[in-house]
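In: model the following, please.
(chains A and B)
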Amino acid sequence: MSGAVPRGAASVSEPVIVARGVHLTRDGREILGGIDLDILSGEVLALVGPNGAGKSTLLSVLSGDQDPSHGTVELLGRPVGAYRPLELARRRAVLSQANTVSFPFRVIEIVQMGRSPWLRSAELADDQAAVLEAIRATDIEHLLGRRFTSLSGGEQARASLARVLAQRTPIVFLDEPTAALDLRHQEDVMRVARGLAADGRAVVVVVHDLSLAGAYADRIALLDNGRLDAVGTPHEVMTAERVGRVYGLAVRIHRVGDSERPIVLPLRD
Amino acid sequence: MSLRSRAVALTLLLAGLLVGGVVLSAITGQLPVTPTEVAGSLLRAIGIDTDWAPTDPIVESTLWVVRFPRIVMALVVGAALAVAGAVMQAIFGNPLAEPGVVGVSSGAALGAATAIAVGASVVGVAGVAVAAFLGGLVATLLVYVVSRAGGRTEVVTLLLTGIAVNAIAQAGIAFVLFVADSASREQIVFWQLGSLGGSLWSQVLVVAVVTVPGVVLALALARRYDLLALGERNARHLGVDVERLRLVSIVLVALLTGAAVAFAGIIAFVGLVIPHLIRMIIGPAHRGLVLASAAGGGALLVIADLLTRTLVAGAELPIGMLTSLVGGPFFFWLLYRQRRRSGGWA
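Out: Sure, this is the predicted structure:
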């Protein structure tokens, strides 16, 4: 039974992604330098950092898109490079930033493509349930009959997210899922990420909005110039001193609610 | 109209065009034959004797020696070209990729012309096909390596690469013409214009042996081609072994194009027009697209071949000229539309 990876395969709070000493150099330049990171099942880990800090690159190394120059990445106890493409597709789903589609497929077809790794291994009823659930979670019912190529950027982003959700993998990578979205859908997407984690999956999400990361992530990994500056709860990582230093901008941190979720505001005149 | 009723309508349309085209093509020519004689002759061939069967042996041999091989050749060549176009568009992520436009047909033609110049009698019927395949393969690889960036091909890069590959292949063909003796020179010139005239069963067999499994393979890969439309990275995230799919597809395109070009010459634009029309009717999902393209390509060439024989009394037009005459303006229109929609050459 190579195909059967139940939802949230690992029991809660077990490391499902283990990165050790990950270096990546490209054209003689160091993009990532010595990253050690454990990501647990059942948590949302937000990758944050300034432009060019290496967030998307780290995501692509963790998800097996590129090999690190040095160091190792293990997914569910096996080196990520040791999986065949189909095996990997049943373990991790990736929402990348580029989601153009070459031909005018309908939105429903795009979402159904998320089921293709499970072709001939899953029950038809499961396929339909996964597709329906993904469509509801991303609020795209009214777009299903439209051509993907005719959608707005935000609608395309949500349809692509639905495709990723329909894949139903224990590990989910989201590269800037909120970038093109309006306020409400940003919150919706982060709530979806929380829902995935509550299901026992591991969610790694790249976001730019520090307050959004602070509000929804269990842990935040702050990248600066290819190195991990800090990893911990939002409360621990989001200090005015650290954010100010890494981003080169003076900020004030408000803490709201019982959990003291941080809200980051730039100091303005 | 729902997708299902569109699919039914398309199936009926294609079936009508195929049967109509085949029958019309079989009864038309210097020797008039009636549709009942065609049906009777076909039934007799599968062992059913009817009153319809032609009594005149000249009618019988006209059908089986001249017209039927030509019709079947049109069917398989059309199917090969249309499916090669659909596969090429899938791996380039670009609806303008087509064996004729990007130079794969010219590459195959150079291979075949070389084989003819060396002497078709030396290399044999299959030898011409093998040479066409090799030429097509080199051209496909060249276009692919040069024109792709980040998993996609920009229209302008694709077309410029096509110009370059076409130029090189045409220079090669010119050289072959220069060194060839006058007999093979004449043969190459006429063959290059594209013609289905004088098709032999032995040639039809070679083309069919490549085309039928090729279409089946394209159907088997259809699901993966759908995923490839999401971009290479996303396709990989969904479990597609993109590198292997590319490699298999390139060989497949070269095989189909080589088979089509080997005996029929360069017949351009079939692989562009047919998949495009099919997509407009039933959408871009590749299983339906490949299947319908095979049928549509076959129907188109049977009808086009019939026109080449009948448009001008007593003469036969080159079929490649006819398809280019129709396909060229269509290509202009596609370019214009794509350019306007994406505001540039994206």
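
In: can you pull out the helices in the stretch 101-250 of chain A?
Out: A:107-113, A:124-138, A:153-166, A:183-198, A:210-216, A:234-237, A:240-247 (DSSP state H, counting those that start in this stretch).

In: tell me which residues in the strand or helix carrying B:Arg246 are buried?
Out: Assigning secondary structure by DSSP states H and E places B:Arg246 in helix B:242-264. For helix B:242-264, the neighbour count (16 or more other CB atoms under 10 Å in any protein chain shown) marks B:242, B:245-246, B:248-264 as buried. From N, CA and C alone the C-beta is placed, and that goes for glycine too.

In: for stretch A:115-133, same thing?
Out: A:115-118, A:122, A:127, A:130-131.

In: widest-spaced pair of those?
Out: Using CB to CB, the pair of these lying farthest apart is A:Pro117 and A:Val131, separated by 13.5 Å.

In: near chain A too, which of the buried residues of helix B:242-264?
Out: Subset of the buried residues of helix B:242-264 in contact with chain A: B:Val242, counting by CB under 8 Å from any CB of the partner chain.

In: if we can go back for a sec, within reach of chain B, which of the buried residues of stretch A:115-133 are there?
Out: Answer for those near chain B (CB under 8 Å from any CB): A:116-117.

In: would you turn the buried residues of stretch A:115-133 into TSV with pLDDT?
Out: Below are the buried residues of stretch A:115-133 laid out as TSV (pLDDT from 0 to 100):
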residue	pLDDT
A:Arg115	95
A:Ser116	94
A:Pro117	93
A:Trp118	92
A:Ala122	70
A:Asp127	90
A:Ala130	94
A:Val131	95
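
In: poorly predicted segments of chain B, please.
Out: Confidence mapping of chain B against pLDDT under 70 gives the ranges B:1, B:120-123, B:150-153, B:339-346.

In: would you mind listing what in it touches chain A?
Out: So far as CB under 8 Å from any CB goes, chain B lies against chain A at B:93-95, B:152, B:223, B:226-231, B:233-234, B:236-242, B:279, B:283-285.

In: tell me how many other residues crowd residue 111.
Out: Picked chain A for this. Residue neighbour count, defined by other CB atoms under 10 Å in any protein chain shown, stands at 27 for A:Val111.

In: hm, I was asking about chain B
Out: Counted with other CB under 10 Å, B:Gly111 comes out at 29.

In: so the residue lying closest to it once chain neighbours are set aside: helix, strand or coil?
Out: Once flanking residues are discounted, B:Gly111 sits nearest to B:Gly135: 2.5 Å by CB to CB, 6 or more residues apart in numbering or on different chains. Using DSSP: H, G, I helix; E, B strand; the rest coil, the structure places B:Gly135 in helix.

In: on that earlier part again, just put the helices of the stretch 101-250 of chain A in JSON lines and tack on distance to B:Leu18.
Out: JSON lines is the format used below for the helices of the stretch 101-250 of chain A (distance: least, CB to CB, whole Å):
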{"stretch": "helix A:107-113", "distance to B:Leu18": "28"}
{"stretch": "helix A:124-138", "distance to B:Leu18": "34"}
{"stretch": "helix A:153-166", "distance to B:Leu18": "37"}
{"stretch": "helix A:183-198", "distance to B:Leu18": "49"}
{"stretch": "helix A:210-216", "distance to B:Leu18": "58"}
{"stretch": "helix A:234-237", "distance to B:Leu18": "66"}
{"stretch": "helix A:240-247", "distance to B:Leu18": "66"}
